[in-house]
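Undergrad: Give me the fold of what follows.
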Amino acid sequence: MSKRLFDILVSFFGLMILSPVFILLAMAIVLDSKGGVFYFQTRVGRYNKDFRLFKFRSMASNSDKKGLLTVGFNDSRITRIGYFIRKYKLDELPQLINVLIGDMSLVGPRPEVRKYVDLYNVEQLKVLSVRPGITDYASIEYSNENEILGKSIDPEKTYIDEIMPAKLILNMKYISEVGLITDLKLIFATIFKIIK
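TA: Predicted coordinates for the structure are as follows:
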């Protein structure tokens with residue numbers, strides 16, 4: 001089975017099965033704070049092309065105008081329900097729509113915003129040769145990224161100088177091993193990490 005066919009089948013049936021969860025989360029988000037259910041952000045995808053990423057809204061409306069990085073429990077922009085859905089990665093579920101329409105894959109380098117992609121060197125730009133994903137090695141390794149940034153005096157500098165280069169190395173590792181077996185391994189590792 002090809003990677004794209006696997007993505008289509010899993011995202012389609014995943015959306016069908018999880019539709020009751022989507023409804024419950026949508027209701028909780030609307031009741032918790034003013035604003036829409038979804039949060040849309042422009043990210044950079046395969047071949048350096050921009051696309052619109054879907055997420056459940058976990059922050060107060062227009063919070064991204066105050067900065068692109070979130071810093072865990074120190075970030076006052078995150079709503080009460082937002083802390084919960086972020087903790088269990090439920091805010092990422094709508095990205096199954098991105099997978100279904102072909103913007104993303106289930107597994108692949110996490111898509112970055114243009115501001116940070118513009119800082120990539122020639123070697124790092126190779127991560128844009130594949131579809132970005134919902135999870136990968138870097139997502140698992142840096143599942144506590146927000147907490148790390150929350151302890152930093154200058155979160156953006158810490159992200160650019162330390163976290164982003166380390167994540168890109170892991171992204172390149174994924175590209176060198178890309179395949180259905182690797183994807184399955186990372187999907188199960190992600191589920192185990194969330195449960196743990």
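Undergrad: Using PDB, write out every CA atom in the helix or strand of the chain with the lowest mean pLDDT.
TA: Using mean pLDDT, DSSP states H and E, helix 145-150 stands out as the lowest-scoring helix or strand of the chain, at a mean of 86. Output in PDB follows, covering the C-alpha atoms of helix 145-150 (Å, rounded to 0.1, in the frame of the first residue of the first chain):
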ATOM      1  CA  GLU A 145       8.300  21.900  23.800                       C
ATOM      2  CA  ASN A 146       5.800  24.500  25.300                       C
ATOM      3  CA  GLU A 147       7.100  23.800  28.800                       C
ATOM      4  CA  ILE A 148      10.700  24.100  27.700                       C
ATOM      5  CA  LEU A 149       9.900  27.500  26.200                       C
ATOM      6  CA  GLY A 150       8.000  28.500  29.300                       C
END
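Undergrad: So which elements touch it?
TA: Here helix 145-150 touches helix 155-158, going by 3 or more C-beta pairs under 8 Å, 6 or more residues apart in numbering; DSSP states H and E. For glycine as for every other residue, the C-beta is placed from the backbone atoms N, C-alpha and C.
Undergrad: Which element is encountered next along the chain beyond the helix it packs on?
TA: helix 164-177 (DSSP states H and E).
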